[in-house]
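I need the structure of the sequence given here:
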Amino acid sequence: MKLASKLLAAAALSAALISPAFAADKVYKLKLAETWPSNFPIFGDATKNMVAMAEKMSNGRLKITIDSKNKHKAALGIFDMVRAGQYDMGHSASYYWKGKDANTLFFTTMPFGMTAPEQYGWFYYGDGMELMKEVYDKHGILSFPGGNTGNQMGGWFQKEINSVDDLKGLKMRIPGFAGEVLAKLGAKPTNIPAGELYTSLERRTIDALEWVGPSLDLRMGFHKIAPYYYTGWHEPATELQFMINKRAWNKLPEDLQEILRVAMRTAAYDMYAQSYHASGENWAKMKTEYPDIKVKTFPKDVINAMRKANDELIAERAAKDPMAKKIIDSQAAYLKKVRVWSEISDNAYLNSQAAE
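All right, here's what the predicted structure looks like:
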């Protein structure tokens, strides 16, 4: 570029920066409520990272304060608080709201569904974001991916699961569609906030629970009272969410909306990387420091029964609800397409590296 052209470009940029549209004299303040306790690792880090990025990228024009569940006292009330405008934003998990709108649960994860890379592809390059907007629009909320844990472990059990009969009457903390699957097999699922999990398990209010995986489970101490640690089936790609009240969103200038969108997307992917890293580190720690933990995989007949129940429940949901069918069909079609690549890329590579 010639010098004259460079000077013209610089002048144009300077004019834009001092124009009223880009004036830095107005600060927009938002309040965010999160489901997690104060300073909760990984999940809470995602919220803090997003807030810090949004403020820095906006040169201080966008300031977001975070209230943890310790302050607002409603860990599973984020949906209602954001919908009502009590808070402008929230950080939680979409499948917690199935009692408010059953179609919200599809945007966290589904049993036997997509892995995290597959699901991110569906969100951003398939129909995911559009379908999520369609579900949340009626509630006056915008929802965005808020961080992925990757494949979660199947949970901590006080007794070994050897057959489908062992699930009957089992009181287990397990949210989302997976809870419906276990209920169909005779279990008694419930949902309990993070801060009450250990006490509930210790007092035998529940017999088993699933939380996340080694990235977060060891610090919770579940292994002290439930020695059987099962591999996963129910949450292959657990995506948290950032929620925004639409009225609050519409009050933001377009440049701050874009900054917030970028900050949320970046913080979400960073949480996925952090969670993967922490799981690897804690798995190694678990094997050396807690050798009494019994890592198990559910027997094949139990997995088959879970899959059959899952398929039947999905078919029932699709038959009753056109919106659910729309989401289910979209996820199934996308998974059918990308799973072939997952198998010929990651799976083939990992299998080729396995010791003979």
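
Report the secondary structure state of residue 64.
Recorded secondary structure, residue 64: strand (DSSP: H, G, I helix; E, B strand; the rest coil).

Need the per-residue pLDDT for it.
Residue 64 is assigned 98 on the pLDDT scale.

same deal with the one 5 residues further on?
Model confidence at residue 69, expressed as pLDDT, equals 96.

I figured it hits residue 36, correct?
Yes: here residue 69 reaches residue 36: they are 6.4 Å apart, a contact under C-beta atoms under 8 Å. Yep, even glycine has a C-beta here, placed from its N, CA and C like the rest.

which residues do the two both contact?
Jointly contacting residue 69 and residue 36 under the rule C-beta atoms under 8 Å, 6 or more residues apart in numbering are residue 75.

neighbours of residue 88, just the number please.
23 (other C-beta atoms under 10 Å).

correction: residue 163
11.

State the phi and psi torsions of it.
In terms of degrees, to the nearest 10, the main-chain angles of residue 163 are phi -160, psi 170.

Going forward, the N-terminal residue is numbered 257.
Okay, residue one is now 257; in that scheme the one you just asked about reads as residue 419.

Mean confidence (pLDDT) on stretch 573-582, please.
Rounded to a whole number, the mean pLDDT of stretch 573-582 is 98.

same check, this time on stretch 433-442
Stretch 433-442 shows a mean pLDDT of 97.

Please name every helix or strand in contact with the longest helix seen in the chain.
Longest helix in the chain, counting residues (DSSP state H): helix 510-545. For helix 510-545, the elements it packs on are helix 299-313, strand 318-323, strand 397-404, helix 473-476, strand 495-501, judged by 3 or more C-beta pairs under 8 Å, 6 or more residues apart in numbering; DSSP states H and E.

can you pull the buried residues of it?
Residues 512-513, 515-517, 519-528, 530-532, 534-535, 538, 542 are the ones in helix 510-545 that count as buried (16 or more other C-beta atoms under 10 Å).

how much distance is there from it to the middle of the chain?
In terms of C-alpha atoms, centre = their mean, to the nearest Å, the centre of helix 510-545 is found 11 Å from the chain centre.

give the contact list for the closest residue in space to residue 401 that isn't next to it in sequence.
Taking C-beta to C-beta, 6 or more residues apart in numbering, and ignoring the residues beside it in sequence, residue 401 has residue 524 as its nearest neighbour in space, at 4.7 Å. For residue 524, the contact set (C-beta under 8 Å, 6+ apart) comprises 302, 400-404, 495-496, 498.

and those as TSV, adding distance to residue 570 and pLDDT?
Listed next are the contacts of residue 524 as TSV, based on distance: C-beta to C-beta, whole Å; pLDDT from 0 to 100:
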residue	distance to residue 570	pLDDT
302	29	98
400	25	98
401	22	98
402	24	98
403	25	98
404	22	98
495	18	98
496	23	98
498	27	99
